[in-house]
Every structure is written in C-alpha cells, then in structure tokens.
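# Using only what follows, build the 3D model:
(chains A and B)
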Amino acid sequence: MTIQSTARRPVLTGTRGRKTARRIALFVVMVVAAIVMLYPFYYMLNNAFRTAAQFDQQIGHSVSSWGRLFQDLPVAREFLNSTLICVVAIVIILAVSTTAGFAFAKLRFGGSGVIFLMVVAAMMVPLQSIIIPEYVNLARLGLVNTYAGAILVYAALGTPFATFLMATHYRGISDDLIEAAIIDGLGYGRTFLRIALPLSIPAMATVAVLQFIQIWDDLLVGLLFLQNPQQRPITVGLAALAAGRSTSIPALLGGSFLSAVPAIVVYLIFQRYLVKGLTLGMGK
Amino acid sequence: MTATVTDRSARAPSHRSRRRAGPLARRRRRAGILLSIPAIVVVLSLLFIPIGQAVYYSMTTWDGITSTWIGPQAYVSVLHDPTFWRVLENNALLLLAVPFALGIPLILATLLNEHVRGWRVFRSVYFLPTAISWVVIGVVAVQFFAYNGLLNHLLALIGLGSLRTDMLAGERTALLALGITFIFSMIGTNTIIFLTGMATLDPALLEAARVDGLNGRQVFLHVTLPLLRRFVQFAFVITVISAFSALFSLIFVMTNGGPGYGTTTLEFFVYQSAFSLGQFGTAALYGIILFVIMAVVGLVQLSVIRPEDGSSW
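Okay, the predicted model is just below:
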C-alpha cells in the first residue's frame, strides 16, 4: 500500500505539502500496525480484570479473576521453576560456548575446523526429531521429572548457536593480543579467563538474552520432562490451564499476561543484544 | 602413494613452523582440545547420539514395552499411510504463510526505515510480540478466532457478518487460523532482520538511483531488494524452519492438532504418536523425516549463500 504511494511520488518535483501528506500517511499506517501488534497485550490485560460473566458480556471490570488465577495456578512456584531452569541452563550454555568458541577461533588444532562445523550443524537438529531418544535416555538416568533433565536438554539445544556466536566474536579479537599474553607467561587457560572472557561480555549478554527468551517461552521440553506440578515451568502451567475444561478464561489471560512480563522486561532492557543476536546468525 | 608425497611436501612449511614453536604449539593444541571438550560432549551426547538412536527406533515397532525390528521397510509402509500424507499436506499448506510472513515485515521495515518521528518506539512495539511465548499468543488467538471473538465482530462491522464461523471448529479454517497466527508471530523477528539489512545500505547509492530518475518503487525493486538478498534469504530460512519446527506451542494451545488431523503438522504428529498413542517407533520415524526436511532446507541455504560469503568463514 504505502510502497505504492511512495512510488507515485515524483521525487524531485515533490512539493513540501505532498511530502507532509506522505509522512502523515506513513505515520497512520505505522500506528495501525502498532495497534495490531499491541492488541494481544491489551486484550489479556483488559479481560483479566473481568469475571467469567463479565467476560461473556464484554462489559464491566473486576479483580476477582486474579484470585481465581492464584487458586488454579501456583504462579509464584512456577515462576521460580522457570527462573531456575533458565538461569542454570544459561550458565551451562555460556560456560561451554565461551570455552569452545575460544578454542575453535584461537587455538585451532587438528580437526578443529571439522568439529566446529559439526557443532554448528547441530543447530539444524529439531527437538522433535530427537525427543524420543532424549526422553528414553534421561528416563534411564532417572532425570525425567527433575530440573536437571530439562536443563540438560535446554543446554544442549542452545549450545550450537551460542558456540557459533562466540567463535565469530573471538575471531574478531586480535591474535597478537592473545600471543602477547602467552609470551607474558599467562598460559592458555588464564589468557582465556583474564583477557578473552572480559572482552566477550557483550557477546555473552547476547547469548544470555536470546536463550532466556527462548527457554522462558518454551513449552515442549517442560511438557515432557517436567510433568510434576511442583516442578513445571509457567508455560506448562498455562498450557495445562488452557487445556482444562472448566478454566476461567479471564484467569487464564491474567496468567498469560503475567508469564509474559519477565520476557518483556528482559527484552526492553536488552533489546540491543537481542537484535544483534538475531542478525548475527548470518555471520555478519 | 603419490598423493601422500605431494601432500606431505605441501605441508612441509607449516610443519617446520610448528616444530619451531615446539612446546608452545603443543600446549596450545592441548588447551584447544581441553576447552572444546565440554561443548563436544554436550552436543554429542544430547544431540548427535539421539539422532542415531532415533534412526534405529524408527525401524522398529516399539510401543514403549515391546519392540520388533522391521528395518527400512518401516519407511516404505509409512508412505502408504494416508494420515501421514494428510499431515504433510498441512505442512505444505502452512508454507503458503511464508510469503506473508516475509512481505508484511518487508513493508513494516521499509516504513520504519523512513525514520519518521518516533520510529524507534514503533520498532520496539513491532518487535515486542517476539519476546512472549507462543503459548501466550496461542491463548489470545483462540479468543480472537472464537465465534464471539474479535475477528467475527470485525467481519460484521465491514458487512461480512455472513462469513461468521467458529474458525477453530473446521479443519481447513482452523489451519487458516493457525497460519494467520504464525504470520503474526513471525512479524517481529523478520521486521528486525530486514531493518538491520536496510541499515547496511549506502544512502548515497539510493540517492544516486533517485537522481538517475528511478521512482520509489523502482528503487525498492531494483536497488534495495537485490542488496537485501542475503537478509531476505536468512529471513526466509528462519521462517521455513519455524513453520516446520516451531509451531508446537501454537498447535497445542489452539487446536491440539484437530479438528481431526486438520492442524496436525509433522512436528506435532511426532508428539502425538509417541505421547498420546504410544507409538514410539513410528514417532521416531516421523522425527527423522522432519530432520531430513530441515537438513535439506539448511543445505539449500548454505549452497545459495556460500559462493558470495565464503570469506566470512
């Protein structure tokens, strides 16, 4: 639509008035798009403050559904579960991806190129393709319905991309800097810890933010590996609530909104890193 | 024999330099191996070995208790299963959403790139749904497409009240609703990818094209779009991969695969076969087919992008 109006604009002869009109048209289209994108948030919040009857009529507001939500769903507990799983999985991902990224970028050894490609290629493995063996293996180890099981699966799923990202980042650090540290007698381990790691904090932030949103928002892993209501993350709780027959829709919407808040806060604070991480997948 | 000799002579200089470095090179090698071991162990034990196991399971009739080996024949018999084709058909139909999931963000990115007052706020707003779980988007979508939902109200408002249906109750309409929700869910990610791409364009080049007499649309089609090729490809691959392997949450919340097999995609079929029907062998087989499709998408992506981009590796 707007591209066409752009096209019709005679660029060099355009008068100031037409330019203003075009800007206003642009602005209106952008506002409409913004309303569409914000609609889910408005809808959740607006209807969470209704009783079931008010929801059916779409008239009036009340806070009673929030009480219902906290009765039906152990929100605090599930938030804690989600947080725990996210934090531990991210720590593991950061630990293995920074070390491996540094090794692949700066300490190339025989076969390291091939191994790096293999690790990166694992990005293409969809969880659904391995979910059954994964479930069987973790069940044999007694890790189904433990935090450790879900955390391991998330860590494995996040590692390939994180390693790729960290290796890309470390390639940008000068070899001379690393060599100077080695010649100064730091040793490779301490060079990594004291020189390379501090330089890669922005890249680590990118990995952490991407993974936080991915893990916090995920359903499938929690659904299979954390079936116990005591341990399940908030998304699994919500999905169970959504599947229930007698569920109060306003309560469900309230819970959905609450579950989105941490991810939104992280997004708003670290937007820059998220954007960087998304486009870094292209190698540039 | 000759090959080995030439090989060795070709490598000779690097050998010499390695020997000159002596113990330092050996320490470097050891450090490299030590530091990469944790990642290798994680990826090997939790991603690669399970793929191998899945291939094995896929050739059995394992139901969780008993298992009989049927071999590659399993792949042949699944081709005779009409449900399997129905599921693949759903996947294929969902791919029709991809052009929209790319086109709408392309328009939004173009608008944002005009940098009108407050464009940064709009950028944040368009990207915001990317932060929330597709479980949450699914919960809202169910209400949006419901018989008493906003969609039907909007249709009535513009005089199309006769179209009013419960979209999630019909097989084809439910798939359409799923596709629309999928498009909505991809808008943020793809808009950001395109916007990042547009930021890399040289404004002088676009200005030159304008001065040369191209109008806005021509500049977009013949200058901007070709320069964005890499970004469009990247967004395309991300979107296709998502269409095949990221819809689980939406389907689980919106339709649970129904009505009938109306919205069951391959990834959901894996889950359903294994954890609702207890057919672990067949489920593993569907998972392997999904993996092969993803691998093909990935290889096509690499072969398309590599020639230009070889240097960055």
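# For the rest of this, base every contact and every neighbour count on C-alpha atoms.
Will do.
# give me the low-pLDDT residue ranges for the chain?
Assuming you mean chain A. Counting by pLDDT under 70, chain A contains low-confidence residues at A:1-16, A:280-284.
# um, chain B though
Per-residue confidence for chain B (pLDDT under 70) gives these ranges: B:1-21, B:304-313.
# element containing the residue most central in space within it, please.
Central residue check for chain B by Cα atoms, centre = their mean: the C-alpha nearest the mean position is that of residue B:241, 1.9 Å away. When elements are defined using DSSP states H and E, residue B:241 is found to belong to helix B:229-245.
# Is there proximity between that helix and chain A?
Yes: under the criterion of Cα under 8 Å from any Cα of the partner chain, helix B:229-245 makes contact with chain A via B:231, B:234, B:245.
# hmm, the next helix-or-strand element following that helix in reach of chain A?
Once the chain leaves helix B:229-245, the next helix or strand it forms, by DSSP H and E, is helix B:248-254. Yes: shown here: helix B:248-254 in contact with chain A (Cα under 8 Å from any Cα) through B:248, B:249, B:252, B:253.
# out of those residues, which is most surrounded?
Using other Cα atoms under 10 Å in any protein chain shown as the contact criterion, the top neighbour count among these goes to residue B:248, which has 27 neighbours.
# didn't that one look like it was pressed against residue A:220?
Yes: the pair formed by residue B:248 and residue A:220 meets the contact definition of Cα atoms under 8 Å, at 7.3 Å.
# What is the burial count for residue A:42?
Residues within reach of residue A:42, counting by other Cα under 10 Å, total 13.
# element containing it?
With the criterion set as DSSP H and E, the secondary-structure element containing residue A:42 is helix A:16-48.
# List the buried residues in that helix.
By neighbour count, with 16 or more other Cα atoms under 10 Å in any protein chain shown as the criterion, the buried positions of helix A:16-48 are A:22-23, A:26-27, A:30, A:33-34, A:37, A:40-41, A:43-48.
# ok, and of those residues, which contact chain B?
Here is what survives when the buried residues of helix A:16-48 are matched to chain B using Cα under 8 Å from any Cα: A:23, A:26, A:27, A:30, A:33, A:34, A:37, A:40, A:43, A:44.
# what sits against the fourth one?
By Cα atoms under 8 Å, 6 or more residues apart in numbering or on different chains, the contact list for residue A:30 reads B:108, B:111, B:122.
# Excluding covalently adjacent residues, which one is nearest to residue 247?
Reading this off chain A. Using Cα to Cα, 6 or more residues apart in numbering or on different chains and skipping the chain neighbours, the partner closest in space to residue A:247 is residue A:241 (6.3 Å).
# my bad, chain B
Spatially, and ignoring its direct neighbours in sequence, residue B:247 is nearest to residue B:182 (7.5 Å; Cα to Cα, 6+ apart).
# residue contacts, the one you found?
In this structure, residue B:182 makes contact with B:97, B:101, B:243, B:247, judged by Cα under 8 Å, 6+ apart.
# what about it, helix or strand, and which?
Using DSSP H and E, residue B:182 sits in helix B:171-199.
# got the residues of the stretch 151-284 of chain A near chain B?
When proximity is defined as Cα under 8 Å from any Cα, the stretch 151-284 of chain A approaches chain B at A:152-153, A:155-157, A:159-160, A:163, A:188-189, A:213, A:216-220, A:235, A:238-239, A:242-243, A:253, A:256-257, A:260, A:263-264, A:267-268, A:275, A:278-279, A:282-284.
# which of those are buried?
Applying the neighbour count, that is 16+ other Cα under 10 Å, the buried entries in these are A:152-153, A:155-157, A:159-160, A:163, A:188-189, A:213, A:216-220, A:235, A:238-239, A:242, A:253, A:256-257, A:260, A:263-264, A:267, A:275, A:278-279, A:282.
# Smallest gap between the stretch 151-300 of chain B and chain A, at which residue?
residue B:287 (3.8 Å; Cα to the nearest Cα).
# Give me the neighbour count for the closest residue to that residue other than its chain neighbours.
What sits nearest to residue B:287 in space, not counting adjacent residues and going by Cα to Cα, 6+ apart, is residue A:129, at 3.8 Å. For residue A:129, the tally of surrounding residues (other Cα under 10 Å) stands at 28.
# Go through stretch B:285-295 and flag the buried ones.
Across stretch B:285-295, burial judged by 16+ other Cα under 10 Å covers B:285, B:286, B:287, B:288, B:289, B:290, B:291, B:294, B:295.
# contacting residues around that stretch?
Contact partners of stretch B:285-295, identified using Cα under 8 Å, 6+ apart, comprise A:124-126, A:128-130, B:51, B:54-55, B:57-59, B:75, B:241, B:244, B:266-267, B:269-270.
# cool, stretch A:75-82 as well?
Contacting residues not belonging to stretch A:75-82 are listed as A:216, A:230, A:231, A:232, A:233, A:234, A:237, A:255, A:259 [Cα under 8 Å, 6+ apart].
# which of these has the most neighbours?
Per-residue neighbour counts (other Cα under 10 Å) across the contacts of stretch A:75-82 peak at residue A:233, which has 33 neighbours.
# ok, residue A:130 to residue B:59 distance?
15 Å (Cα to Cα, to the nearest Å).
# Have a look at those two and say which one is more surrounded.
The residue with more neighbours, out of residue A:130 and residue B:59 and counting by other Cα under 10 Å, is residue A:130; that gives 25 against 21.
# Look up how far chain B lies from that one.
Note on residue A:130: its distance to chain B, by Cα to the nearest Cα, to the nearest Å, is 6 Å.
# What is the host helix or strand of that residue packed up against?
Take DSSP H and E as the rule and residue A:130 turns out to sit in helix A:127-140. Other helices and strands packing on helix A:127-140, by 3 or more Cα pairs under 8 Å, 6 or more residues apart in numbering or on different chains; DSSP states H and E, are helix A:147-171, helix B:49-58, helix B:266-275, helix B:280-309.
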